[in-house]
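Engineer: After the sequence you'll find the predicted model.
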Amino acid sequence: MRIGSTAFTHEGAIPSLYTCEGKDVSPPLSWSEVPPGTKSLALIVDDPDAPDPDAPKMTWVHWVLYNLPPTSDGLPERVNSLPAGTKEGMNDWKRTGYGGPCPPIGRHRYFHKLYALDTVLPELKQPTKAKLEAAMKGHILSEARLMGTYQKAK
């Protein structure tokens, strides 16, 4: 399985449009080679370098989606309508939806992790990343990662 973006390359810089210094909109994402038997997809975007890449203390969660249909092939830039059946989880701003990079110091890494699952997950009522990961346990057929970096200009 593969995940990519037309906005940035793997290990490349994320344009400021998708961050707190820009319009804070979600980047375009596309995926392919979803394995046979996949019943749903899940997407987690997080930053393991918070608050300081030289002394990380936590992983900051930017976006949590689950039950994306396996027939979907991505999400458009500035997504405002999720594919039918897709559910949203809670990010670390205590809200659903995308929250872009906004690192307080240094250049951070942002992982866009796509999971192919052998089941459609039950209603989890806006789960945190941890609750979603617990629900996915034992159901992951494949995983793909896209990592971009960002450092504030100001």
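Structural biologist: Great, that's in hand. Residues are numbered from 1 along each chain as shown.

Engineer: Distance from the host helix or strand of Lys131 to the middle of the chain?
Structural biologist: Element membership for Lys131, per DSSP states H and E: helix 129-136. With CA atoms, centre = their mean, to the nearest Å as the basis, helix 129-136 stands 14 Å off its chain's centre.

Engineer: quick one: the most centrally placed residue in the chain from Leu75, how far?
Structural biologist: Nearest to the mean C-alpha position of the chain, by CA atoms, centre = their mean, lies Val45 at 2.6 Å. As defined by CB to CB, to the nearest Å, Val45 lies at a distance of 11 Å from Leu75. Backbone N, C-alpha and C define where each C-beta goes, glycine included.

Engineer: quick revisit: what mean pLDDT does the next helix or strand after the helix holding Lys131 get?
Structural biologist: The helix or strand immediately downstream of helix 129-136 is strand 140-150, counting by DSSP H and E. Averaging pLDDT along strand 140-150 yields 98.

Engineer: At which residues are the strands of this structure located?
Structural biologist: 2-4, 29-32, 40-50, 58-68, 74-75, 87-88, 108-117, 140-150 (DSSP state E).
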